[in-house]
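Trainee: One predicted model, sequence on top.
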Amino acid sequence: MTDDLDGDLKTRFDRELARVRAPATWSLERRRSSPLGVAVRVALVAALLAGATVGGLTLRAARESQTVALASPSPSAAASPSPTAGTASGFVTYDNEILGYRITLPEGYRRSISRIEAGQVSLGVDLYTLQTEREERDQCLRDSGDVGSLFSDRDPDIRIGVARNAPGISAVEWVTTPRSPGAPPLSTHQRVEPVTIGGREAVRLVADNATAMTTAFVIRANDRMYELDAIQGLRPQKTWLDNIAMSFVALQPTPFPVPTATTPPRDATRQLGEALAKAFAARDSDAVARLMPTCWIFVSPLIDGQPPGGVLYRSVALFTQGLRTRFAMGDLTVTIDPAVQVQMEGGRERYFVRSDWTEPDRTTRIDLFLDEFDGRWQWRTALHHYKRTDLINNCFPYRSPWTSGTGSC
């Protein structure tokens with residue numbers, strides 16, 4: 001990310017992806033042949049049901065963190081999206097029959113995330129990346145600051161988010177109208193240019209600054225809106241996203257799979273809160289880690305009750321190592337109130353438990369937010385409460401296990 005707009009896109013992408021609810025049995029790619037002669041030159045598409053400046057999906061880490069979907073059916077393997085061999089050398093075509101689209105990308109891209117939601121608004125999201133699975137695993141062994149990626153020297157990640165268009169509004173109205181109360185529209189700080197893609201009504205969003213970079217496309221088809229955007233990595237040219245968007249083909253969507261029975265959220269979060277309380281009381285860092293994501297946990301502060309902005313992507317492996325060390329030293333005690341708290345955010349319930357982290361010289365309140373991911377409820381976000389007087393040179397006073405070493409300031 002090299003300009004303010006890109007940072008805004010990334011922040012919203014991460015915030016939105018963090019709330020995507022993934023079905024437990026969603027299966028990824030299966031290969032088959034398909035002729036689609038489209039020559040595309042690109043770099044990536046990423047983050048938009050929260051969008052170019054706001055969101056309808058809440059996404060947070062296309063890699064391992066993701067959290068505005070309201071329902072999460074479990075698709076069958078037979079309905080999984082599939083890559084197909086492209087007719088043009090050096091390109092590959094991907095279909096998602098449930099979401100109802102086809103896209104052609106440069107060879108080397110793989111589908112790293114594919115989620116079907118069938119919510120009241122959000123229907124799903126696909127993420128494509130040039131990052132290998134090995135690179136993803138290695139990345140999870142390192143913190144990633146507030147960016148969420150350590151790979152800035154590759155072409156961007158491509159994301160396609162799909163939402164219901166029940167009101168049947170135009171693409172222009174879609175991007176110029178806030179998707180949720182109080183949120184800015186997708187067109188914030190961008191020029192809106194009506195275009196046609198594959199005979200479908202669409203809009204191109206262009207950065208309203210000196211870069212004049214194409215930042216996103218929104219395409220109206222199948223009583224849905226398809227949002228294409230990109231994050232992370234280098235952008236080869238101002239119009240690289242145009243080439244990808246022009247390969248978009250709307251398919252007749254297949255039915256959503258029948259949802260499987262799941263534990264009601266309030267029951268599932270109560271069980272998770274109790275398990276966290278028990279694991280911390282036993283000072284068992286490995287038991288705590290089993291209740292967390294496998295890659296990153298998201299850490300952010302409140303200063304006198306107000307969010308200053310920014311998020312730390314803390315490696316769960318490093319967090320677990322730090323927690324083990326602190327428990328062994330005996331200078332950290334974590335007490336959790338397992339009573340699940342509920343707050344409304346973006347029209348949906350968010351769940352968290354309160355905790356106190358007691359050290360020899362201070363006690364810090366940290367709210368542990370619980371979210372469903374891949375059919376499993378996990379502790380995914382830590383919200384630290386500080387007073388302005390706690391800051392050190394305007395630096396958040398994180399300590400191990402939240403940082404490696406003795407402190408962050």
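Mentor: Everything's here; your move.
Trainee: now the strands: where do they sit in the stretch 301-409 of the chain?
Mentor: For the stretch 301-409 of the chain, the strands defined by DSSP state E, counting those that start in this stretch occupy 312-315, 333-345, 348-359, 362-373, 376-386.
Trainee: so where is the protein shaky, pLDDT-wise?
Mentor: Within the chain, the stretches with pLDDT under 70 are 1-89, 145-153, 233-236, 346-347, 406-408.
Trainee: Please repeat the previous calculation with a cut-off of 50.
Mentor: 1-80, 85-87, 147-148, 150-151 (pLDDT under 50).
Trainee: ranges for the helices of it?
Mentor: Using DSSP state H, the helices of the chain run over 4-17, 133-139, 171-176, 240-245, 265-281, 285-289, 316-329.
Trainee: quick one: buried residues of the longest one?
Mentor: The reference is to helix 265-281. Buried residues in helix 265-281, counting neighbours by 16 or more other Cβ atoms under 10 Å, are found at P265, A268, T269, R270, L272, G273, A275, L276, A277, A279, F280. Quick note: C-beta positions are derived from backbone N, CA and C, even for glycine.
Trainee: want to throw the helices of the chain into CSV with distance to M213?
Mentor: Listed next are the helices of the chain as CSV, based on distance: least, Cβ to Cβ, whole Å:
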stretch, distance to M213
helix 4-17, 8
helix 133-139, 26
helix 171-176, 16
helix 240-245, 8
helix 265-281, 39
helix 285-289, 40
helix 316-329, 34
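Trainee: With respect to N165, which of those helices lies nearest?
Mentor: helix 171-176 (7.1 Å; Cβ to Cβ).
Trainee: how about stretch 390-407 as CSV, C-alpha atoms only?
Mentor: Extracted C-alpha coordinates of stretch 390-407, given in CSV (Å, rounded to 0.1, in the frame of the first residue of the first chain):
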residue,chain,number,x,y,z
ASP,A,390,-0.7,4.7,30.1
LEU,A,391,0.8,5.6,26.7
ILE,A,392,4.6,5.8,26.4
ASN,A,393,5.5,8.5,23.8
ASN,A,394,2.1,7.9,22.2
CYS,A,395,2.9,4.2,21.9
PHE,A,396,0.5,1.5,23.0
PRO,A,397,2.2,-0.3,26.0
TYR,A,398,1.8,-3.8,24.7
ARG,A,399,4.0,-6.4,26.5
SER,A,400,4.8,-10.1,26.0
PRO,A,401,3.0,-12.2,25.0
TRP,A,402,1.5,-9.5,22.8
THR,A,403,5.0,-8.5,21.6
SER,A,404,8.2,-10.4,21.4
GLY,A,405,10.8,-9.2,23.9
THR,A,406,10.0,-7.0,27.0
GLY,A,407,7.7,-4.5,25.4
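Trainee: dump the residue contacts of the spatially closest residue to Q252 that is not a sequence neighbour.
Mentor: Of all residues not flanking Q252 in the chain, G100 sits nearest, at 6.6 Å (Cβ to Cβ, 6 or more residues apart in numbering). G100 is in contact with V162, A221, N222, R224, A250, L251, Q252, P253, T254, counting by Cβ atoms under 8 Å, 6 or more residues apart in numbering.
Trainee: Where neighbours are concerned, which of the residues you listed has the most?
Mentor: Highest neighbour count within those: V162, with 29 neighbours (other Cβ atoms under 10 Å).
Trainee: could I get the strands of the stretch 301-409 of the chain as a markdown table with mean neighbour count?
Mentor: Shown next, in a markdown table, are the strands of the stretch 301-409 of the chain (neighbours: other Cβ atoms under 10 Å):
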| stretch | mean neighbour count |
| --- | --- |
| strand 312-315 | 22 |
| strand 333-345 | 15 |
| strand 348-359 | 17 |
| strand 362-373 | 20 |
| strand 376-386 | 20 |
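Trainee: on that earlier part again, out of the helices of the chain, nearest to C295?
Mentor: Of all the helices of the chain, helix 316-329 comes closest under Cβ to Cβ, at 6.3 Å.
Trainee: list the buried ones in the closest one?
Mentor: Neighbour-count burial for helix 316-329 [16+ other Cβ under 10 Å]: V316, L318, F319, T320, Q321, G322, L323, R324, R326, F327.
Trainee: Let me know the closest of those residues to K387.
Mentor: Once Cβ to Cβ is applied, the member of those that ends up nearest K387 is R326, at 22.7 Å.
Trainee: ok, the nearest residue to that closest one once chain neighbours are set aside - how many residues close by?
Mentor: Spatial nearest neighbour of R326, excluding adjacent residues (Cβ to Cβ, 6+ apart): L332 at 4.0 Å. For L332, the count of nearby residues is 20 (other Cβ under 10 Å).
Trainee: and R200, what does it touch?
Mentor: Per Cβ under 8 Å, 6+ apart, neighbours of R200: I219, R220, A221, F248, A250.
Trainee: quick one: contacts for the fourth one?
Mentor: Under the criterion of Cβ under 8 Å, 6+ apart, the contact list for F248 reads Y101, R102, I103, I197, G198, R200, F217, I219, Y226, L228.
Trainee: Look up how far Q232 lies from the third one.
Mentor: Meaning I103. Going from I103 to Q232 by Cβ to Cβ, to the nearest Å gives 18 Å.
Trainee: now swap in the first one and tell me
Mentor: Separation of Y101 from Q232 (Cβ to Cβ) stands at 22 Å.
Trainee: Looking at these two, which is more packed in?
Mentor: Applying other Cβ under 10 Å to Y101 and Q232 shows that Q232 carries more neighbours, namely 28 against 25.
Trainee: shouldn't the more buried one be in contact with D157?
Mentor: Yes: counting by Cβ atoms under 8 Å, Q232 does reach D157; the two are 5.2 Å apart.
Trainee: So which residue of the protein lies furthest out from the middle?
Mentor: P360 (36.4 Å; Cα atoms, centre = their mean).
Trainee: what number of residues lie near the closest residue to that one other than its chain neighbours?
Mentor: In space, and not counting its chain neighbours, P360 is closest to D331: 5.9 Å by Cβ to Cβ, 6+ apart. Residues lying near D331 (other Cβ under 10 Å) number 13.
Trainee: Could you do Y398 as well?
Mentor: 19.
Trainee: Check the gap between it and E201 for me.
Mentor: For Y398, the distance to E201 - Cβ to Cβ - is 47 Å.
Trainee: Then V334?
Mentor: With Cβ to Cβ as the criterion, V334 and E201 are 53 Å apart.
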